[in-house]
Structure formats: C-alpha cells, structure tokens
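Q: Here is my input, please return the structure:
(4 chains)
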Number of protein chains: 4
Amino acid sequence: MDTISCNIPINAEFTVPSRVSRKINPENTIVNVSGVEFGGPGVVIIAGPCAVESEEQLFETGRAVKKSGARILRGGAFKPRSSPYSFQGLGEEGLKLLGEIRKETGMPVVTEVMDTRQIELVSGYADMVQIGSRNMHNYPLLKEAGMCGKPVLLKRGMMATIEEFLLAAEYILHHGNDQVILCERGIRTFETSTRNTLDLSAVPMLKHLSHLPVIVDPSHGTGLRWMVPFMAKAAVAAGADGLIIEVHYNPEKALCDGHQSLSLDEFAGLMTDLDKIALAIGR
Amino acid sequence: MDTISCNIPINAEFTVPSRVSRKINPENTIVNVSGVEFGGPGVVIIAGPCAVESEEQLFETGRAVKKSGARILRGGAFKPRSSPYSFQGLGEEGLKLLGEIRKETGMPVVTEVMDTRQIELVSGYADMVQIGSRNMHNYPLLKEAGMCGKPVLLKRGMMATIEEFLLAAEYILHHGNDQVILCERGIRTFETSTRNTLDLSAVPMLKHLSHLPVIVDPSHGTGLRWMVPFMAKAAVAAGADGLIIEVHYNPEKALCDGHQSLSLDEFAGLMTDLDKIALAIGR
Amino acid sequence: MDTISCNIPINAEFTVPSRVSRKINPENTIVNVSGVEFGGPGVVIIAGPCAVESEEQLFETGRAVKKSGARILRGGAFKPRSSPYSFQGLGEEGLKLLGEIRKETGMPVVTEVMDTRQIELVSGYADMVQIGSRNMHNYPLLKEAGMCGKPVLLKRGMMATIEEFLLAAEYILHHGNDQVILCERGIRTFETSTRNTLDLSAVPMLKHLSHLPVIVDPSHGTGLRWMVPFMAKAAVAAGADGLIIEVHYNPEKALCDGHQSLSLDEFAGLMTDLDKIALAIGR
Amino acid sequence: MDTISCNIPINAEFTVPSRVSRKINPENTIVNVSGVEFGGPGVVIIAGPCAVESEEQLFETGRAVKKSGARILRGGAFKPRSSPYSFQGLGEEGLKLLGEIRKETGMPVVTEVMDTRQIELVSGYADMVQIGSRNMHNYPLLKEAGMCGKPVLLKRGMMATIEEFLLAAEYILHHGNDQVILCERGIRTFETSTRNTLDLSAVPMLKHLSHLPVIVDPSHGTGLRWMVPFMAKAAVAAGADGLIIEVHYNPEKALCDGHQSLSLDEFAGLMTDLDKIALAIGR
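A: Prediction:
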C-alpha cells in the first residue's frame, strides 16, 4: 500500500547554473581586491562601520581595524533603509571620505551600490562594489555589476535560496565578471531572538557547488554585538574564506546598526581568537 | 511625521521562564550522565546509529565510536517516522541490545521515548532519555520526563522559537528534574538544499539565557553526510558543550538516515579535527 | 550554457500516501459525527470556547452557538500550553460538563486528547476527538486515534507540510479509522502581525489530493477577533467543508485565547454572512 | 515563579508609518487609473499575460479579457527572471504593443518597471506602473515611483512583513504620490506544494492599518492554474478591492508562467463566479 518510504525533503535535483559551477570550473576562483586575495589559503577580514558618518568616525575606526589585522575597509555611503525617515547615508561625500582613508592607509575599500545610475560613480571610488541583500534580485544592477570592471561582493538575499543566490551570481559572470565573492548574511525565519538566522551551512554548500569564494557577515547575521564573536569563530571553522564585520569607534553613538557593531577593543580581541581557529583548521 | 526609525525586528522583551533562567541561577548546571559530565570545561561527543537495527550493527558501531573518543552511545529503539510504512524501530528488543552493549563497553546510552506509557520502560534501560524534536510540545511527556529520575536530552522542535524551547525545558524542571541538556538540531525554513537549517546562533543564545548545557546535532541539522564535519567543527567553535552525531558501520545499508550517517573512519577523522578546535577555544 | 530555465520551486514529485489519496478513493469521504455530516454539500460550523472553564461559561456559550446555527460544540478539557504556568484545563471535570451540555442540547461535542493514556477516557465523552497542532507528529497518539472508534479532527502542525499532514492522517487510516477531518489552522512563518499565517490554499490542495473533508480554524489562524469573520468567509469561498470557531460568552474574561474569541453577538452576525457566501458558491 | 503567562507572539507594538496610516487618514484613498477606481465599492479585475510576447498573443488575450469584464490589462515588457538564461521580455517593443492595444480597446494598462533609468520610458506608456515583489526593497526605484506622476501598483516582497510593506509604500507617498495600490502576491514559507503561500490575512490587516486599496494576485500566489479560481474567490470574500490574474490565449505555449495562467474560457467562467461572491458580501 505504501507510496512514500522517505521523509527527507532534500532537493535531489539541485541545479546550479553553469558559469558559477564547480563542475565546470573545479579550481577555486581567486578574487583579487587591489592585491588582497579571497579564495586562497588565508582567511581575510573586512571591517569598518555600517555607514560612513564623518571624517573622524571613519578615520579613527579605519586606522584601528587596520592595526588589528583587517585587510579591507567597509563603509556605506548609500544606505538602503526600510524607512524613508532613517539616515540614508552621506552619498558622494561618503565616497570621497572612503577615497581619502584609502589613500592614507593603503587599505582597499568596499562600499554598496543600490542604483544602476550610481554604479560608475561608486566603481570610481571603490576597490570592490557591494550588492546588498535587498538588491540580490535586482537584475539590472547585477548586469551592470557584471560590466563595472571591479570585484563584486554579492550578499545573499534574506529570502533567497542557495539556488537563487547562485543564479544571481551567474548574472554577474554572464555579463563578463568572474570576480565575485558570495556573502552569507543571515536569512529570515520564524525565529525572532536574533535579527536574522545566520545559515552557516550555506558556507560548505556554496563552496561545494561553486568555485567562488564565500565569506560571512556575523553582524547582520545576528544583530547582536555580544553574539558576533561566537558566530565569527563558527564561520571560520565552517570553512569561510573571510568575514565582514561591523566595527565602530563609538557603537553607542552610531547612526546605524550600533547595537551590532563591535568596539575597537572587542574587534582586536576577536582577531586574536580568529587566528587560533584558522590555525586549528589548517589555514 | 515619522513614527518608525528602526528596522530591526529583535525581540526586546524576550522573556525566559524562571527555573531555566541564568538570571535565577547564574552558574552552569552540570548534567551528569552516569559519570559523563555536560556543561563543564570539556566538549562531550555522543555517537551511534540513528536506529538500533541488529546486534552486529550496534556492537560494531558502538565499539568503534568508543575507540574514537565518543563518551556516550546513541541508538533509537522507538522511532518517530513521518510515514506509517517506514521502519518503526525494534522496540523493547532494541532497548535490550542497548543494555547489553552498555554492559560490555561501559558507555552510558541515550535513547528516545515517544509515549508516556513507555517512559518507565525506557528509563529502566537508558542512562539518559531523549525527547525528540517532534515531541518538544508534548506536554504530558515533558511532565513524565520531569519525574523519570534520569537526565533528559531535549531536542528543539523544528518549528520552535528559543522562547518555546526554554518553556519546554521549564516543564521538566518544574516537575522536579534539573538534569536537562538542550539540543539544537536544525529548524525548518524556506531553504531546501539542506534537510533543516542548523541554527548555530541558538548555541550562544541558549547559553546566554539559561544555565543548562547545550549540544548540537549536525546530522539532522544538515541531512548530508559530507557536511556533518563542517558543521560539527562550527558548533564547537560557537561554544557547544557537546555534539550528537549519527555513525553507522555501513551507512549505505542503514535502515534509517544512512545519507546523513558518518562511516566509522569518517567519524574517527572528525574526532581528531574536533580536538584541535576545542583546544583553539580553550576547552 | 544554461542549465536552468525555470524559477518555479513547485514540488513536481509531490507524493501522497495511499489510503488518504483521492486517486485511490475518488469519492468524498463523508465523516459522520453523531449524525452531523462533513464532506457533503453543506458547510458545517463547529463553535464554542477554547477551554471549558465552568458550567455557566459552557452552557451559556453552548446554548447561544446552537441557536445561531452551530452544529457541533467545541471545548477543551485538556489544554496544551507552552508554559507550565498557564491554565492547563479542567481535565475530567471538563469532560463531564461537556457530557452534560451534550445531553441538554443534543449537540455533538469535540474535545482534544493529548496523551495516549487519556484516549479511552476522552473517547467515552466525546463525539469526535481532536488531535491538536502540537501533536500532529505524535505517532503513538495517531495510532491510538486510529483504534478509538470515534471520528478524529486532525489539526495541521504549525510547521507541517501538506505532505506530512497527509502522512499523519494516513497513520489514523492505517490503524483502521477512515473518519478523519483535516483542519487547516495557520502555519508559522516570518510574519508576526497575525498569530499564525492562515494557509487557505491548503483547502483546495487537500481536497485535490485527498477524499477527506477539510475544515478551517480562523481563530487560531489569525489570533485576532476582528479578523476572524474575514477569514471565515474567505475559507468558505475557498471550498472548506466547515469551520471551527472560538466563541465565548465573555471574551474579556476568558482564561484562554479571549483575544481571538468571538462574542455571542459577533458569532450570530457571522453566521448570517456565511450563509450568503455558501449560497454564492452553490452550497 | 512564573514569568510568562502567554504563548501568543502577536506583535503588540505594531507600528505603521504615518502617511499610509488609516489613523492619520481614516477615509479610503481612491486610486484612479485613467478612470478606473480602486478602493471604492467595486471589485476591479486586472488581467492579461505574464509577459507581452507578440502582437497576436497580446491582442487576442486583451480583447478576450475585456469582453469577460476585466477593467485593466496587465502585461510585462521588462521581466525580472531568476536566471539570466530565461526570456527577459520584449523591452520597449513590448511597451509599444501595450500602447497599441490600449488605443484599440480603451483599457488602461499596467506594466512593471525594474530600473530607475527606465521609469520615464515606462511611465510614458503605462496608465499604472508596477513595482514587483523582487524590487519592493529597491529604495531608489520607490523614490522615483513617488515622482513619476502615475499610479503605482506595489507588490509585497516575497519575504516582507506587513510592516516593511507599508514602509515601502511610505517611500512612495513621502516622495509625493498617494496613488498607490498594495498587492498581496504570496509569501515564501516552508511549504512547497504551492509556488508561494498566499497570505490572505494580509488583506484585512492592510485595510485595517492603511487607507490604501488592496488587491490580490492569486496567480503568483499559488503558481497553479487549477487553484487560481479558489483563491480568487477567497480573496474577494476576504475583502480585496481587486485582483490581478494571469490569462493567456494559449497557456501551454506561454514563454513565462504558463502553468499558472488561465485560459480565456477559464477566465470567463471565473468572472461569473466572482460576481456572485462580490454580491454576497455587498459589493
């Protein structure tokens, strides 16, 4: 009588688009961001404030994260905010500040682009352009990112399956750019004790299916400052090629995401712990 | 004009029932399973087959996992299966086999109880009784577990919030038993590339809110044998007090969950790697 | 180059266990609850309080819902509550009160069973036994329900797929009882403005796949009294064979679920509106 | 001892931005699309193909849906597709065809805009511009829609909360345009038997919180042609101000979404049924 013998909903016919597939391209792709390599043996840390707020904030934070071992500086100039009444970023003024600290410290910078009309402007200042979670399905923007001439940090949509995430990356590769880093940053589930549910199984799954480097954002993935170090360590143990972490020289005063930003001291402590984990897994 | 300035859905009023709360009882509770301690400095590994299938299967697997360093043996005698046509377990015959290997190896055993009418029987054979994911909301069973006189391994419901999980544990403590281990085993989300989504942020969150030990089940959490080692390492890095891992001496022939069971060799290799991670985080 | 041409995650290989399948049994099963038929041309309304609280509460509410056109009375004697500190129901005393009002009004009664040890007791008083959402995966209870000799109202688990829901019903049929009514009562999603997300597409889907009657619980499905009438009407328009609605003679004073219970007047008004919808769809 | 007495996760502090709020503006906003009114007593049906494919396809379908009672014609010229290898739409050629059938039939047309650079072009042809589910969080596009001078059909993101949906509408109103129709089109959940889970409780909830008209898309909401009529009727019974339905003169040959498109005859039959439901609820 039985027609079902299995209670496992695993997607047996999981499909992967061709250009991002490890089957087509078995070797890891190395993404080179102005000399910093993702996808090789090292674990690369990106750090910095959620949003560029002022020269003082950016420079104090940037110098400190560099000293602690971060290799790339993050900072948003154009901010996607759920409410029209929240701080929307400094815009081009923020990009200029990023250009200045880049000059001073020599650290490459990554910053988000939200609008096809801005991609030339943003690419002119950034060493890597970021496509945020809310724009992972923004196909015109993905196409432009494929033609922008800079590496792309592509964040997983908060509602995107692994399959859709790889298809979004495929848009970028299909338009001529294979310098794409995939970033797991938490998905939306029924659980509300954390801001999102950080899906660390995405790390081995994405590296299994694709040759692209994979990093993790434990700041958005948890939304809780005290939890960031736990999940940062777990992400490295799971095989992540890097992390992107929000750090602020004065989290209590941050205009955006202060509750999930590490202080300079917290970040320095975490970097020491991450070295031990990286060593333990042979990286 | 603005009435919303924040886009963060974090549950600010998160409530925790009293007996499980770390605020009421700041020190870690040590759960003692016939001499094996959870919640102390060490990371304890539970391993064994999904279901007890035969004397040969149980003894070959049990001896091997002990040799590799597992401290407690798992094996199901009563199996909750989605389909009435799937293998339902050996029942009391399975419990007797667990009793025999316990005698030979000296390893404590944990096995699942599904029915209030079976709890006396199961408690008579097991060193620790397991309440599975599908029964986390089975309040009569939780009450009986509170009075059974044995430690309880309580798995998170696949649909349960952290708050509901702690409330389920509260039922057990409220009925007289504080020897409860919490187990994250994956939650149900929209993602289908893995069997469940292993929510590792539950580890630091549960340890933050409660004094009870927390372990992780990467086998059910991923449903994929090759992914188990990655998530096992990540769980330890996130601060888990232990792991429960499905191991089978011949996964291809397993009557249940073979696709997510490690072979004996894979398990031995993983144990070596886990030691390195535990050392890296000072455990 | 393309390996994916389709972005539709519809489960093409959807499987249905055999005894509940409409393919095996194309005709609607009529479930007869002491003379009241589900699965035929009429739309049957079950109403009453969440929990039996007192003789006055039960009798006042029961007489009123009968007068307004309800055919079956609901009321919980054993209540599954997330917290051990919430009202747990009157137990056998509640069953006796249900027996008394049944005698006075002639209305069949439905009440929940949570424990295999109680099923004989509950079946002795009830015209139909209910298995609640939290016990949909409680296989020992499903087996007993298959042998209890009374119709069974099976509620969908709050995170159960349609496939798992049908498999749970299959357990009951497999153990000898085809008098099963399926009840959609809301699933758990990311949305928090309602208590659950009422999945009305489950109504046509379940009726498409199975010959069993399907009813809807708009009270638990929304958790909001003012929203119940909207979703009750929508459920009938979607093809439901009946509804189960929480009604209380004094919702503000209810010991359980008062915020989602209709007053006697609200229920009377709704019944008039439901007649119009039923007529509009030819029932 | 108890610190929790309630197991209801309803968001008591639900916030609504000001311009879309019914508290600020208690009267229904009427959205006027070239003479067709949404938000008044009538239920308005939008119908047409998923994508504009050819003159024949658009004209045959458009004439037929008009004859059956549809008031507005839908048809995509720019299509957001998960895969870069799927049909991406006819682009401006599609807009021109929409302009021609508009001229012949007198029906207003609605079509999607995906890119800030296209909004002027699309607004030049369309009577109403659509912002699709994947762009609900595309803030630059929402701002442009606020300044485009045409009514906007805003679809709910597939994983957007009610709160986020209203905040997205607030962006449009904040930039000067109060002619916004909200469209529920199914959310992403764990359930895979339907393409999305149509959340009909969003209809009464949105109308409760906001003065804007609310319509439902049962085609994307279910992904299944045979299920569309059931959910269309349920949506009207739940209080929707309108529906948007995919219709194709030859669904088997459709380049996009044929599996969820009604044939011309199916649509004509549905329109008759919808009239009866509308009458039953007094519209």
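Q: Give me the contacts around the helix or strand hosting A:I46.
A: In this structure, A:I46 is located in strand A:44-48 according to DSSP states H and E. When contacts are taken as CB atoms under 8 Å, 6 or more residues apart in numbering or on different chains, the neighbours of strand A:44-48 outside the stretch itself are A:36-38, A:58, A:61-62, A:65, A:68-75, A:110, A:215, A:241-247, A:267, A:271, A:274. For the C-beta atoms, the positions are set from N, CA and C on the backbone; glycine is no exception.
Q: From the residues you listed, which land in helices?
A: Using DSSP state H, the subset of the contacts of strand A:44-48 located in helices is A:L58, A:T61, A:G62, A:V65, A:S68, A:F267, A:M271, A:L274.
Q: Hmm, A:R225 is touching A:A254, no?
A: No - applying CB atoms under 8 Å as the test, A:R225 and A:A254 come out as separate, 10.7 Å apart.
Q: what's the overlap in contacts for the two?
A: Here A:R225 and A:A254 have A:S261 as joint contacts, going by CB under 8 Å, 6+ apart.
Q: mind listing the strands for chain A?
A: Listed in chain order, the strands found in chain A under DSSP state E are A:31-33, A:36-38, A:44-48, A:72-74, A:109-112, A:128-131, A:152-155, A:180-184, A:214-216, A:242-246.
Q: I'd like those strands as JSON lines, with mean pLDDT appended.
A: Rendered in JSON lines, the data for these read as follows (pLDDT from 0 to 100):
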{"stretch": "strand A:31-33", "mean pLDDT": "98"}
{"stretch": "strand A:36-38", "mean pLDDT": "98"}
{"stretch": "strand A:44-48", "mean pLDDT": "98"}
{"stretch": "strand A:72-74", "mean pLDDT": "98"}
{"stretch": "strand A:109-112", "mean pLDDT": "98"}
{"stretch": "strand A:128-131", "mean pLDDT": "98"}
{"stretch": "strand A:152-155", "mean pLDDT": "98"}
{"stretch": "strand A:180-184", "mean pLDDT": "98"}
{"stretch": "strand A:214-216", "mean pLDDT": "98"}
{"stretch": "strand A:242-246", "mean pLDDT": "98"}
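Q: closest to B:V16 out of the ones you listed?
A: The stretch from the strands of chain A with the least distance to B:V16 (CB to CB) is strand A:242-246; that distance is 27.0 Å.
Q: May I have the strands that pair with the closest one, each with its orientation?
A: Next to strand A:242-246 in the sheet, as set by DSSP bridges, lie strand A:44-48 (parallel), strand A:214-216 (parallel).
Q: hmm, back to that, adding mean neighbour count as columns, could you present the strands of chain A in CSV?
A: As requested, the strands of chain A are arranged in CSV below (neighbours: other CB atoms under 10 Å in any protein chain shown):
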stretch, mean neighbour count
strand A:31-33, 21
strand A:36-38, 21
strand A:44-48, 27
strand A:72-74, 26
strand A:109-112, 25
strand A:128-131, 25
strand A:152-155, 26
strand A:180-184, 28
strand A:214-216, 26
strand A:242-246, 27
